[in-house]
Structure formats: structure tokens, C-alpha cells
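Novice: Test case, fold it:
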Amino acid sequence: AATLSAPADKKAALEAALKQKGFSVEEPRTHTLAVMDPQAANDPAKPQSKTVWLSDVVKITGADKVQEILAKEMANAIDPAKINVPGILKPATLWVMKKLGMLKTPVNPAGSIIDTGNDPAHPMLKGHYTKDAKDGHGHGTWVGSAVVSMDPQQKNLRSYNTFSNGSATTDDILRDLTAAHKDGVEWFTNSWGDSYGDPASLEGQAVIKIAESGKVQFFAAGNEGSGDNTVGGPAIAYYKDPKTGTMMIVSVGATDSDKVTAWFQSRGPWSPYVKENESKFPGYPVRVDIQSVGHKVYGAYPTYMRGADKVDPKLGPQKESSGTSMSTPTMGGAYSLLREFGFEPAAIVKAMLENTEKMGKPEAEGGQGFVNVLAAYQALKKAQANTTQAKFRRFFASAIGAAAMAVAALMPISASASMVGGHPAAKVGLATVGGAVVGFAAGAAAGARVSRDQSGRDYGALVGLAIIFRLMVIGLFGWGGAGAGAIAGALIGASSSH
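Specialist: This is a model prediction of the structure:
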């Protein structure tokens, strides 16, 4: 995209010539940040609520419980450096353990914040960015603090100083959307937009192209008040993942800390442009998808700028702000938090939109409901447990655990076989049959345990690997019998435990 200027008397001719060559031409449009003026946001004539901190928002959305689960998983993860197996066997051991989900590390999905930049030295943001852009406004620093409050494990944010003075041109936006896309980010949080809402604008088309590549984007619905059809652009744009039918461009509304819709939030079902040109957009979907807290929230403010409302000894300078600008990054942070577990992007968005807290609001106002991060996590875990891969993991872990016990038991059986009359067939037969019997019993027990108790999976697999690698010398026949028995026993034990 490029911005061209021409004298007024030649403008029409230039536009016609460009269109004849197949170019899309539109008037330059200015986009602004979706943050309210503080005085307007606190207008006593409008519905008001108490001011909260981002730590409160984390609890209100249920993200605190998911953070605890993630922290526990990380604490229980096995450090690959501490796996004590012979060097030649270590790559195979680590591969198996990774397949079994025993080597847990945060995914840290790269996230883009196209905004006013960031303050990398702020106590809330330090260490969370891999690309900085100095914030001379304050808005981008606030947005970043909302993301990392929701996902403290996030260390891979990319900052773009697109709205250096609070507004940006079409060129500015297309430049940084393209840059972020090429930088390899997986998700975008966008607390900005226009009030016109043309889905076919250059920005809208760019956003749809990015969504087609599988990337997730969260957009502020806008702050145009309680009238119908006031959603802005690019939040009005939409694209659904072809496999799951999930909306990959998520339009975010705002509530207060009591989950009451903020009086300034734009409403659907559409934008002014779509409403005015309704015949061009038959069957257009409602474009408020979900809500989160965005009214009167303290967030980070640059350490080198004046204007902070508070300076917390631990959290640093803080600024109270309101707008769909504030709710949108909490959604980006919630997505990032759930992604840390390794869930797939489209599946995460689907879970977030389908497992909200239903507040009884019209869809054009509240979308699918108020975000519930814990419910989304629980839905994702349930879906994961029902996948073929998960069933394979349970079976594979059961078999390994069973084989471990069987191999250990085979030591005395093999010793007994060596004392049988000296005939090789007798030795082989006793070792094989004995191994199969012990393996079957052990497999059944391990299969039942692992299916009921997922923590048993890690224990069984780790012990199994260690014993199997150390005791291979027992003999192929006894070990083979044990393995066959273990697999059969594991299948029966796992299936009978449900």
C-alpha cells in the first residue's frame, strides 16, 4: 500500500487511472487509540464503578486459577539436563518423554502489540519483550502490562510504535501489521481502530489476510457509546477458521469490575458502514464477540514520564484508564496464557468464546459473554483427553510402566530358567511364558492406574525407561514375552478402569 497525493483538480483522473490498472483506491483514514479521555470516563452523570488493579482483573476473569495450574506444571516438569541415562540412549529417552508430555516448558507464543511502544524498564514489563519501541505516550506500556498480568510466563512480546502521538494513518498501520506478520508473531492485540467500520478497507483486508494464515487477532470494538451499529474497524472484519469454524478476528467489548457493560462500549450488530450498505453484506455476523474488564483499571505507565496516578513500590508508576483499549489486551493475555500449555490457537479461541460467563445481555452488546479463562482451560483439557493422541499417550505410558515392572520381575524368572534341565528350549520357553504372565499382570495394574491417575503416567514412564535401558541384558525372549504381556495387560487394564 502507498499514499499518493495530487492536486485537487487531478485527483479524479489519478484515481480513475489507478483503478483501471486494478488498484484499490480509498481516501486516507486516521485511526485512533480506543482509550477514553479520563474526564469523560469518570463523568458522574454516567454509570460508574470502583477502580480496580490489573491483579483484580486477573481474578475476575479466572486467569489466576489457570496461572496456578501452569506454575504447578512447570514446577513438576523434568529438567532434560538431569535425565541420567547413557549418552547414546539420551536422544531416544528425551523423545519418548516429550511425547508423553513429561518435559514441560512454556510455549511463549510471540505476541504483537501495535500501539505506542513500551517502557522496557518498567517493573511490570522488564524481561517480557524481545522487541522494544520506546513509548512516548503511555498507552502501549499500559496495554503491555495487561498482557503480562494475565500471562506472567510471557517473555516474547514484540512492540511497535505505530501510534506515536495517539493516532496513525493507514500507511502506518499497514506497515506495522506487515512487519509483525513477517516477524513471526502468532497473535496480535490491537487497542485501536476507526469509527466508520468498513470491512473492505485496506486495513480490513490486511487483517483478514493475516487471519487466513492462522494467526489470532484481538481488536477493540470501540468506544462510540450505547447506540446500535457503532462497532469500528478493523474490529468489524471477520474470518472463521475453515477447520473449526472459529472466529480468528475477535471483537472485544468492555465491562466494569462487576461485569456490567461499560456505558461507552460500542454495540453491534454491525458498524455504521455495514449498516448503511446492508445490501452489500448479506448475513453479516454480529461483531461484538466477547467482553472483559475495561472500565477504571490501573495499569503500567512509563517510568520516565510525568502523569502517573499512583506509584506502587512494587509495580511502579500506574495510570487509571478506561476503554475497549483496556479490555482487549486482557483477552490477548488470556490467549497467551492458555497457549503456554500447548493447546492449538484456533482451539483456544473456540474455547474462550464457547465457555464464557453468560450475563444475559443481547449478543450485539455482550457477544458470547464475559471471558472465563478457567472454564476455557477446563474445556481444552477435556477435549485434549478425548483425542486419539491422548489415548495413545495413556496406552504407551501404561505399556512402558508395565514393561518396567515385568522386566524387573524377569530377573528371578530368568535365573530359574537357567537351572532347568539344561535344554535350551526349556530355558527359552520358561523365560518367555514367565515373562508374559508377569508382564500381563503388571500391564493390567499399570494400565488401570495410569488411566485413573495421570500423575502415575510420568512416574511409570520414567521408571520404565530407566529399568528397560539398564536391564536389556536379561535376554530377548524373556523381555519379549514380558513386553507382549505388558501391552495386552495395559490395554485391558486401561479400558476396564473407565
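Novice: Tell me who's in contact with the nearest residue to Thr255 once chain neighbours are set aside.
Specialist: Closest residue to Thr255 apart from its sequence neighbours, by C-beta to C-beta, 6 or more residues apart in numbering: Gln291 at 5.1 Å. For glycine as for every other residue, the C-beta is placed from the backbone atoms N, C-alpha and C. Residues in contact with Gln291 (C-beta atoms under 8 Å, 6 or more residues apart in numbering) are 252-255, 259, 261, 265, 327, 359, 366-367, 369-371.
Novice: before we move on, which element is Gln291 in?
Specialist: strand 290-293 (DSSP states H and E).
Novice: Which helix or strand lies directly C-terminal to that strand?
Specialist: Counting by DSSP H and E, the next helix or strand C-terminal to strand 290-293 is strand 297-300.
Novice: Show me what that following strand is packed against.
Specialist: strand 52-53, helix 54-60, helix 139-150, strand 316-321 (3 or more C-beta pairs under 8 Å, 6 or more residues apart in numbering; DSSP states H and E).
Novice: pretty sure Asp309 is touching Tyr298, no?
Specialist: Yes - counting by C-beta atoms under 8 Å, Asp309 sits close enough to Tyr298 to count as a contact (7.1 Å).
Novice: re earlier: tell me which of the helices and strands packed on strand 297-300 sits nearest to Ser191.
Specialist: Closest of the helices and strands packed on strand 297-300 to Ser191 is helix 139-150, at 5.4 Å (criterion: C-beta to C-beta).
Novice: on that earlier part again, which of the helices and strands packed on strand 297-300 sits most buried?
Specialist: Most buried of these, by mean neighbour count (mean count of other C-beta atoms under 10 Å): helix 139-150, with a mean of 29.
Novice: what's the angle from that one to strand 316-321?
Specialist: 100 degrees (axes from the mean of the first three to the mean of the last three C-alpha atoms, to 10 degrees).
Novice: Just list what helix 139-150 packs against, helices and strands only.
Specialist: Checking 3+ C-beta pairs under 8 Å, 6+ apart, helix 139-150 ends up next to helix 54-60, strand 111-115, strand 157-161, strand 297-300, strand 316-321, helix 324-339.
Novice: Would you format those as TSV with distance to Gly22 and mean pLDDT included?
Specialist: Converted to TSV, the helices and strands packed on helix 139-150 look like this (distance: least, C-beta to C-beta, whole Å; pLDDT from 0 to 100):
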stretch	distance to Gly22	mean pLDDT
helix 54-60	47	98
strand 111-115	28	98
strand 157-161	30	98
strand 297-300	45	98
strand 316-321	43	98
helix 324-339	35	98
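Novice: and of the ones you listed, who's closest to Ile208?
Specialist: The minimum distance between Ile208 and those falls on strand 111-115, with 16.0 Å, by C-beta to C-beta.
Novice: What strands line up against the closest one, and which way round?
Specialist: Paired neighbours of strand 111-115 in the sheet (DSSP bridges): strand 157-161 (parallel), strand 187-190 (parallel).
Novice: In CSV, list those along with distance to Gly332 and mean neighbour count.
Specialist: Shown next, in CSV, are the strands paired with strand 111-115 (distance: least, C-beta to C-beta, whole Å; neighbours: other C-beta atoms under 10 Å):
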stretch, distance to Gly332, mean neighbour count
strand 157-161, 10, 25
strand 187-190, 3, 27
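Novice: and those strands as TSV, adding distance to Pro91?
Specialist: Shown next, in TSV, are the strands paired with strand 111-115 (distance: least, C-beta to C-beta, whole Å):
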stretch	distance to Pro91
strand 157-161	33
strand 187-190	32
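Novice: of those strands, which approaches Lys59 most closely?
Specialist: That would be strand 187-190 among the strands paired with strand 111-115, by C-beta to C-beta, at 20.3 Å.
Novice: re earlier: looking at Asp309 and Tyr298, which is more packed in?
Specialist: When Asp309 and Tyr298 are compared for neighbours, Tyr298 comes out ahead with 23 against 13, by other C-beta atoms under 10 Å.
Novice: Columns distance to Asp171 on top of the helices and strands packed on helix 139-150, output as CSV?
Specialist: Below are the helices and strands packed on helix 139-150 laid out as CSV (distance: least, C-beta to C-beta, whole Å):
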stretch, distance to Asp171
helix 54-60, 33
strand 111-115, 13
strand 157-161, 14
strand 297-300, 29
strand 316-321, 27
helix 324-339, 22
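Novice: Nearest to Lys11 among these would be which one?
Specialist: Per C-beta to C-beta, nearest to Lys11 of the helices and strands packed on helix 139-150: strand 111-115, 29.8 Å.
Novice: any idea how far the strand holding Gln291 is from the chain center?
Specialist: Computed by C-alpha atoms, centre = their mean, to the nearest Å, the chain-centroid distance of strand 290-293 equals 16 Å.
Novice: What count of nearby residues applies to Glu73?
Specialist: 15.
Novice: Buried ones in the strand or helix carrying it, by neighbour count?
Specialist: According to DSSP H and E, Glu73 maps onto helix 63-76. The neighbour-count check on helix 63-76 (16 or more other C-beta atoms under 10 Å) flags 63-67, 70 as buried.
Novice: Show me which pair in the residues you listed is furthest apart.
Specialist: Farthest pair in the buried residues of helix 63-76, by C-beta to C-beta: Asp64 and Leu70, 10.9 Å.
Novice: Dump stretch 188-203 to CSV, keeping only the CA atoms.
Specialist: Output of stretch 188-203 as CSV, limited to C-alpha atoms (Å, rounded to 0.1, in the frame of the first residue of the first chain):
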residue,chain,number,x,y,z
PHE,A,188,-2.0,-9.7,17.9
THR,A,189,-3.7,-7.4,20.4
ASN,A,190,-4.9,-4.2,18.9
SER,A,191,-6.4,-1.4,21.1
TRP,A,192,-7.2,1.0,18.2
GLY,A,193,-9.5,1.5,15.3
ASP,A,194,-11.8,3.9,13.4
SER,A,195,-15.4,4.7,13.9
TYR,A,196,-16.5,4.0,10.3
GLY,A,197,-16.0,0.3,10.2
ASP,A,198,-15.5,-0.7,6.5
PRO,A,199,-14.7,-4.4,6.4
ALA,A,200,-13.3,-3.9,2.8
SER,A,201,-10.9,-1.2,3.8
LEU,A,202,-7.2,-1.7,3.2
GLU,A,203,-6.7,-2.3,7.0
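Novice: List the buried residues in the strand holding Gln291.
Specialist: Those would be 290-293, for strand 290-293 by 16+ other C-beta under 10 Å.
Novice: which one among the residues you listed gets closest to Met305?
Specialist: Nearest to Met305, judged by C-beta to C-beta, of these is Val293 at 24.4 Å.
Novice: show me what contacts the nearest residue to the closest one once chain neighbours are set aside?
Specialist: Leaving out its chain neighbours, the residue that sits closest to Val293 by C-beta to C-beta, 6+ apart is Val57, at 4.7 Å. With contacts defined as C-beta under 8 Å, 6+ apart, the neighbours of Val57 are 146, 149-150, 257, 292-293, 297, 330.
Novice: Show me which pair in those residues is furthest apart.
Specialist: Largest separation among the contacts of Val57 by C-beta to C-beta: Met150 and Ser257, giving 15.4 Å.
Novice: picking up where we left off before, may I see the buried residues of strand 290-293 organised as JSON lines, with pLDDT and distance to Thr246 added?
Specialist: Conversion of the buried residues of strand 290-293 to JSON lines gives the following (pLDDT from 0 to 100; distance: C-beta to C-beta, whole Å):
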{"residue": "Ile290", "pLDDT": "98", "distance to Thr246": "12"}
{"residue": "Gln291", "pLDDT": "98", "distance to Thr246": "18"}
{"residue": "Ser292", "pLDDT": "98", "distance to Thr246": "18"}
{"residue": "Val293", "pLDDT": "98", "distance to Thr246": "23"}
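Novice: Keep only those of the contacts of Gln291 that are in strands.
Specialist: 252-255 (DSSP state E).
Novice: who touches stretch 167-186?
Specialist: By C-beta under 8 Å, 6+ apart, stretch 167-186 touches 1-3, 26, 28-33, 109-112, 114, 131, 158, 160, 162-163, 188, 192, 201-203, 206-207, 210, 213, 215-216, 339, 345.
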